[in-house]
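Chemist: Here is a sequence with its predicted model. Questions after.
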Amino acid sequence: MDYSTSPPPNPFSNSPSPAPTPNSRPTSPSPALPPSSIASPSPVPSHARKSSSLISAASGSPPPTHRASFPDPSKLPKSGLTIGGPKAKEGYCCERDKEISLGEEVHIVDAFKTTEGGKASYITYVIRLGSNTTRRRYSAFLSLHQALTGLYPVLIIPPIPSKQSLTDYAVKGQSKAKEDATVIARRKRLLEDFLRRLIRHPILGGEHVLHRFLEDGVSWSEVLHSPPISLLPKNPLHAPSHNPTFQPPSPTSPSESTASSTSYIAHHLLPTPSPNHPLRQPDQRFLDSEVFTEKFQNHFSGTMEKVNRRVTKRWGERAQDLRELGAVWNGFSLVEQGKLGLAIERVGQAVDAEYLATAALLQGWERTTTEPLHIYSQFAALIRQRLSFRHQKQVQYELVQDALETQKDKLELLENAEREARRLEEALERGGQGLVAPPPPSEEERERAARARARAAGQGFGLLSAVKHSLSGMMDVDPEATRRANIGKTRDNISQLEDSLQASTQDLKYASMTLQADLDRFQRQKVADLKQMTIQLVKVHREWCRQNLEAWQAARDAIGEIDPHPNQPPASAQPAGPSTLDEGMSLGGMRAEIDRVEAANVPLPLPARDEELVEGKGKGKGKAESEDPVPSVEKSATSPPASGAGPLGPL
């Protein structure tokens, strides 16, 4: 197998999800190396294992000798460096790992207030995995999330519920806000979802830190202050992406100590770029991912969550109105007796049932729609952070590459100056024989010199760099020694930059491969979750409709038992219409009723004579009265009576 051209192993090869296609390999270059330069991960020294085991044995279980991480994709550069990465996981590291691998589900079965371990009260959550239970508070969940984020800087860590807002503390008070039953129930569901997503992840589910979090009797504070969490760097950009806890092992041989120390220094010498630093050769796949993630976050956080909050708020207001309306109907039923009172009572009960069904609908809506929407808006923010981290890794690679080219150009200029000085010195020693003008530089040499001067001017602020160079030349007592010292220093810089470039190349290659694989996994998970969310929302609405239908059918039956009105005309004399309530409320019956009402609202057509009067309006009052054929009797009948007269004449 040719190790120089084959890509690193697929990080999700043990996962049931399909592996990424070979075409998704990152475009960043990697140096071609012989197979003999591939070194296996450095073993853990025996004394290091002993001290680590002693530290964690008091917590309940010793840590494993390997980490649940990806295979080490690092390759040795020319100087023989290697970065001891974690071993590929084999077998089970503890009983919790075995239970997770066998498919045991994790549940948070209870949450209650306690003062254990301190004077102030807090809420503790009871976690059950299989037949084992343990208790953790919210701060432990938060520190677990932060630890996993540091241990796996290129994996998408599931989100956890946010802390209480300052508004809640101001309105309810600190103790009341923490003990709010609604907040506790919501946190309980979201924390359970967080743990379930962790154990189902193909990599995070095998992390021993998670296993110790789920193990009873383990001091979580001690876990946080012991390896590997205690070895996390302050800046993840100055550590290997595949093993952020990398530390130079204790020297077992001089060569191993030198290689490990050099690789450790190479990562710590990498620059710390800004997340907004532009790229010369961006990867189009991750550019598309950044654009899509931003749209996804704006749609979920700015549109869907906003509309969802407005809709649920209106449903809640409607539920309150139904509660008041049901009370009014039930009070009205006490006034009436007999079948009418029973029918009114049934209507009030139907309104109350609709209120209860609406309250249940809102609770189901919260679990099936509101919480998943919030989780995925948090996921979008986390993915943007991971994409930004990978962006900074590529910026590191390009900056180190530029610095290395600058130092190589500088070294070439210094070496040319050294060769020319030696040639002149040798010619002077021979008495001037052979002292001829040097050949003119080639076009390539002139371009390289101009590029080196431009880079030096850019790094040294132009005029200030030139003045500094002139002053140092005038003050220099021994220019030859200074030039040779600069050559040696430049060669050392080039050696360090080559090591840093190799480390940056490994980090970028690993970050691109791993993040792309996890993005593919997340996309499949997102499709399944959104499908499940819509199905659950449909079920919640269907149950709401079923309960309302049963309640209102009972009210309809009670209304049908009321005796008919004594002055009601016989059925043969009634106008044709819907025979039953169902037919009247059907779509066709409602359409016919609407047409009838609209037809009743249309003004009646005027008679022919009235049309002529309307047309002749304004032509003169006398002419209209002389041409009016209506008898005076009709006019007197229609005109208002005179003062003091009744309809039959003067009183």
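Modeler: Cool, the structure landed. Numbering: from 1, shown residues only.

Chemist: Pull out the buried positions in stretch 192-201.
Modeler: 192-195, 197-199, 201 (16 or more other Cβ atoms under 10 Å). Yep, even glycine has a C-beta here, placed from its N, CA and C like the rest.

Chemist: Mean confidence (pLDDT) on that stretch, please.
Modeler: The pLDDT scores in stretch 192-201 average 95.

Chemist: For that stretch, C-alpha coordinates in CSV please.
Modeler: What follows is stretch 192-201, C-alpha atoms only, in CSV (Å, rounded to 0.1, in the frame of the first residue of the first chain):
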residue,chain,number,x,y,z
GLU,A,192,-32.0,13.8,28.1
ASP,A,193,-31.9,14.6,24.4
PHE,A,194,-28.3,15.8,24.8
LEU,A,195,-27.2,12.5,26.3
ARG,A,196,-29.0,10.4,23.8
ARG,A,197,-27.4,12.3,20.9
LEU,A,198,-24.0,11.8,22.5
ILE,A,199,-24.3,8.0,23.0
ARG,A,200,-25.6,7.6,19.5
HIS,A,201,-22.7,9.4,18.0
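
Chemist: picking up where we left off before, okay, and which of the buried residues of stretch 192-201 map to helices?
Modeler: Judged by DSSP state H, the subset of the buried residues of stretch 192-201 located in helices is 192-195, 197-199.

Chemist: State the distance from Tyr376 to Arg314.
Modeler: Relative to Arg314, Tyr376 is positioned 23 Å away (Cβ to Cβ, to the nearest Å).

Chemist: Then Lys188?
Modeler: 27 Å.

Chemist: Neighbour count for these two, which is higher?
Modeler: Lys188 (19 against 10; other Cβ atoms under 10 Å).

Chemist: tell me which element the more buried one is part of?
Modeler: helix 181-200 (DSSP states H and E).

Chemist: and for that helix, what are the contacting residues?
Modeler: 100, 105-108, 111, 123, 125, 127, 138, 141, 145, 148, 158-161, 164, 168, 177, 204-205, 210, 214, 366-367, 371, 375 (Cβ atoms under 8 Å, 6 or more residues apart in numbering).

Chemist: Go again with 7 Å.
Modeler: Outside helix 181-200, the residues that touch it by Cβ atoms under 7 Å, 6 or more residues apart in numbering are 100, 106-108, 111, 123, 125, 127, 138, 141, 158, 160-161, 204-205, 210, 367, 371, 375.

Chemist: Next: stretch 321-329.
Modeler: 344, 347-348, 351-352, 354-355, 358.

Chemist: Now it: average pLDDT?
Modeler: 94.

Chemist: Pull out the buried positions in that stretch.
Modeler: 322-323, 325-326, 329.

Chemist: got it, and stretch 482-502?
Modeler: Buried, per 16+ other Cβ under 10 Å, within stretch 482-502: 483, 487, 490, 493-494, 496-502.

Chemist: Now tabulate these in JSON lines and tack on distance to Arg419.
Modeler: Converted to JSON lines, the buried residues of stretch 482-502 look like this (distance: Cβ to Cβ, whole Å):
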{"residue": "Arg483", "distance to Arg419": "11"}
{"residue": "Ile487", "distance to Arg419": "11"}
{"residue": "Thr490", "distance to Arg419": "15"}
{"residue": "Asn493", "distance to Arg419": "20"}
{"residue": "Ile494", "distance to Arg419": "18"}
{"residue": "Gln496", "distance to Arg419": "25"}
{"residue": "Leu497", "distance to Arg419": "23"}
{"residue": "Glu498", "distance to Arg419": "23"}
{"residue": "Asp499", "distance to Arg419": "28"}
{"residue": "Ser500", "distance to Arg419": "29"}
{"residue": "Leu501", "distance to Arg419": "27"}
{"residue": "Gln502", "distance to Arg419": "30"}
